[in-house]
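# Only the shape, not the letters, is given here:
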C-alpha cells in the first residue's frame, strides 16, 4: 500500500510538474479498501445532535455535516463547505466562497443562504461560537456561492470557531420556522457530509450510512458507522477487545485497562493520545456564586487549598491528567502563563481561611454543606468527584453528590443554575477566547438561550479583558490581555481549575485513516477504512 511518506518522495520527484487538483489524493485512495461497517463505542448518549455543545454530539454530527472548514495536522484550515476565502487588510471583511455542487441529504442544493442563516443562528444560540461571531455586524449572501461577513471589529478568534463542531451549517429550508433549538431535525439531522442519518434507537445505538452524493468524490470509504451507547465501562472494554467495536474517540474504557493496553505489544488495540491538542480539556470545580457562602473569596480559596490536585490526577484519572495552574493548558504555549496565583494542597491554610470567613465547625465537625454535580460522562468523573468529596470532608465541608442525565445536567448548570458546585471539564479549544474566556468568565454569556457563565461570575475587569482580546489585532497585545485574564481568574477564583486532562482514543489496529490532527477526536471518519 502506498503511504504518505511514499507520496512525499513522489512529490519531490515531480518537482516542477503541474499536478491536477486532487491527483495525489485520488492515487492514494486507489489502494484503500472500500466498504465495511465501523462500530464506534461512544459514551454518554447525547440528548440531540444539531446545535449541541456536548462532545458525544460533536463526534456524531461531524460525520453527518461538514463545517465551513476543518483543521489539518498542524492546525491549518482545510476547506470544506468553504472552498476558499479572502480577508480584507483591515480584518473587517471576510469573503467566503461556498463550494459548488454540495447537496443536503434530502437533495436540496446547499447555497450561500444556508451559510448566512447558520451564522446568524449561531450568533444568537451557540454558547461556544456565538460570542466570537457577535463581532460580525452583518452577513450578506451576494449570490448562491458567496457570503460576505462584515465585522464591526476584527477577530483573531473567528478562524478557530468556523468548523462544524462550533458553527454547524444547517439547512435553512428545514430550520427557518420556529426555534432552531427545538427543531425536530435536531434528532434526525439532514446534513451535507459524508454519511447520512439512518436510525437512532434510544439507549442502544445510532447508525449513519454512506452518502453516495458526497462532494468529496470517492469518500467516504466505509458503508456504515454505528455508534453504540454502552453504559457499562467493562462492557465497552470487552466490545473493543473482541472486535465487536473498533474505535472509541472519547474515554470509553477503564483507565487501568488503557494502561494495560499501552503496555502490551500484542493487544489488537492501540491507545492514541493524538487528536486532543486543539480541544485542550480543563477539569475544574465550578462554584455557583449566587450561593451566599461562595461570595466570600476566602471560602473559594480555602476549597482550592483543600484539594490535592496530584491525588486527583493519579487516583481520579490514573495519570491521564496533570495538575492545572489555571484555566489554560500549559501546552498551549501561545497563550499560557504560569505567572498566576497558585493554591498548594494545604489543609491548615484551608481551615484558617474558613475560620477567618466565620465558618466554624458544629458539634459534628461540619462547617459548610453543599451539593456537587459530577459531569455524567462516565465513572472516571464520578470517582474523581468522590475524591473531592473526601478531601473537603477533612476541612469540615460536607458534600452531597447528585447525578443527572446529560440533558438535565447541562440545563441545571447553564440555564437554571440549580446547583451549588459542579465538577466538569470544558474544552479550551485552539483559542482560549472560545472555551475559557467566554464560557467561564464573561458575564454576558448567560444572555444566550443555551446559557453560559454558569458560575454567575460578574467582573467588569474580566469583561473588559475578554472583550478587548476579541477585537485586538496585535498578536502580542492580545496575548497580554489573555495573560491578565488568567491572573484575574486565579486571584478571584470564581471556579477552581484543577487538572489538564490528557485524553486518548482507542483504535483497532485494523482501522486506518483516522484523523491525527489536533482536532482529530471530533473529525469525521470520511477517510477511515479497514485493513485486509
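Nice, I can see it. Predicted model only: the values in this text are computed from it and were never measured.
# was I right about residue 473 contacting residue 91?
Yes: with contact taken as CB atoms under 8 Å, residue 473 and residue 91 are classed as touching, separated by 6.0 Å. Bear in mind the C-beta positions are built from the backbone N, C-alpha and C, glycine included.
# joint contacts of the two?
With contacts taken as CB atoms under 8 Å, 6 or more residues apart in numbering, residue 473 and residue 91 have residue 154 as neighbours in common.
# Identify the residues contacting the residue lying closest to residue 493 once chain neighbours are set aside.
Nearest-residue entry for residue 493: residue 300, 4.4 Å, with adjacent residues in sequence omitted and distances by CB to CB, 6 or more residues apart in numbering. For residue 300, the contacting residues are 287, 294, 493, 494, 496, taking CB under 8 Å, 6+ apart as the criterion.
# change it to 7 Å
The neighbours of residue 300, taking CB atoms under 7 Å, 6 or more residues apart in numbering as the test, are 287, 294, 493.
# Can you pull the poorly scored residue ranges out of the chain?
Along the chain, segments meeting pLDDT under 70 span 1-30, 447-451.
# From the centre of it, give me the residue that's furthest out.
With distances taken as CA atoms, centre = their mean, the residue sitting farthest from the centre of the chain turns out to be residue 363, at 44.8 Å.
# which secondary structure element contains it?
In the assignment (DSSP states H and E), residue 363 maps to no helix and no strand.
# what element comes up after the strand or helix carrying residue 477 heading to the C-terminus?
Counting by DSSP H and E, the element that carries residue 477 is helix 475-492. On the C-terminal side of helix 475-492, the nearest following helix or strand under DSSP H and E is strand 495-501.
# which is the next helix or strand following that following strand?
Scanning the chain past strand 495-501 towards its C-terminal end, the next helix or strand to appear is strand 505-508 (assignment: DSSP H and E).
# What helices and strands are in contact with that next one?
Packing contacts for strand 505-508, counted by 3 or more CB pairs under 7 Å, 6 or more residues apart in numbering; DSSP states H and E, involve strand 247-248, strand 269-272.
# Please indicate which of those has the most neighbours on average?
Among the helices and strands packed on strand 505-508, the stretch with the highest mean neighbour count (mean count of other CB atoms under 10 Å) is strand 247-248, at a mean of 24.
# now it: how far from the chain's centre is it?
Averaging C-alpha coordinates over strand 247-248 and over its chain gives two centres that are 17 Å apart (CA atoms, centre = their mean, to the nearest Å).
# ditto for stretch 110-129
The offset between the C-alpha centroid of stretch 110-129 and the centroid of the whole chain comes to 18 Å, using CA atoms, centre = their mean.
# Next up, phi/psi of the closest residue to residue 421 other than its chain neighbours, please.
Across the structure, with CB to CB, 6+ apart as the measure, the residue nearest residue 421 apart from its sequence neighbours is residue 372 (4.6 Å). Dihedral angles phi and psi of residue 372 (degrees, to the nearest 10) take the values phi -140, psi 130.
# Hmm, residue 372 is touching residue 385, no?
Yes: counting by CB atoms under 7 Å, residue 372 sits close enough to residue 385 to count as a contact (5.8 Å).
# what sits in contact with each of those two?
Shared contacts of residue 372 and residue 385 (CB under 7 Å, 6+ apart): 401, 423.
# Residue 333: which element?
Residue-wise, residue 333 maps onto no helix or strand under DSSP H and E.
# Distance of it relative to residue 348?
Here the criterion is CB to CB, to the nearest Å. By it, residue 333 lies 35 Å from residue 348.
# Hmm, residue 63 is touching residue 192, no?
No: contact criterion CB under 7 Å: residue 63 and residue 192 do not qualify, at 11.4 Å.
# for the residue farthest from the centre of the chain, phi and psi?
Note on residue 363: its backbone torsions stand at phi -60, psi -20 [degrees, to the nearest 10].
# mind listing what it touches?
Remark: with contacts taken as CB under 7 Å, 6+ apart, residue 363 is in contact with nothing.
# Same question for the one 5 residues further on.
With contact set as CB under 7 Å, 6+ apart, residue 368 has these partners: 293, 359, 397.
# For residue 77, grab the count of nearby residues.
By the measure other CB atoms under 10 Å, the count of residues near residue 77 is 16.
# Disregarding flanking residues, what is the spatial nearest neighbour of it?
Using CB to CB, 6+ apart and skipping residues adjacent in sequence, the residue nearest residue 77 is residue 69, 4.7 Å away.
# Now do the helices for the stretch 351-500 of the chain: every range, in order, please.
For the stretch 351-500 of the chain, applying DSSP state H, counting those that start in this stretch gives helices covering 379-393, 406-410, 432, 460-471, 475-492.
# One more: the stretch 151-300 of the chain?
Counting by DSSP H, counting those that start in this stretch, the segments of the stretch 151-300 of the chain that form helices are 172-175, 233-242, 255-263, 297-306.
# And for the shortest one, what's in contact with it?
Among residues not part of helix 172-175, those counted as contacts by CB under 7 Å, 6+ apart are 108, 113, 114, 117, 183, 185, 190.
# Which one (most neighbours) among those?
Neighbour tally across the contacts of helix 172-175 (other CB under 10 Å): the maximum, 26 neighbours, falls on residue 114.
# quick one: contacts for that one?
For residue 114, the contacting residues are 169, 171, 172, taking CB under 7 Å, 6+ apart as the criterion.
# Residue 310: neighbour count?
Here the count is done by other CB under 10 Å, and residue 310 has 12 residues near it.
# And residue 388, by the same measure?
Using other CB under 10 Å, residue 388 has 26 other residues around it.
# Check residue 523 too.
Residues lying near residue 523 (other CB under 10 Å) number 26.
# Give me the distance between it and residue 210.
As for residue 523, its distance to residue 210 is 17 Å (criterion: CB to CB).
# Same check on residue 31?
In this structure, residue 31 and residue 210 are separated by 19 Å, where distance is defined by CB to CB.
# With neighbour numbers in mind, choose between these two.
The residue with the greater number of neighbours, taking residue 31 and residue 210 and applying other CB under 10 Å, is residue 210; the counts read 20 against 10.
# Which residues are in contact with the more buried one?
Shown here is residue 210, whose contacts under the criterion CB under 7 Å, 6+ apart are 195, 220, 222, 223, 224.
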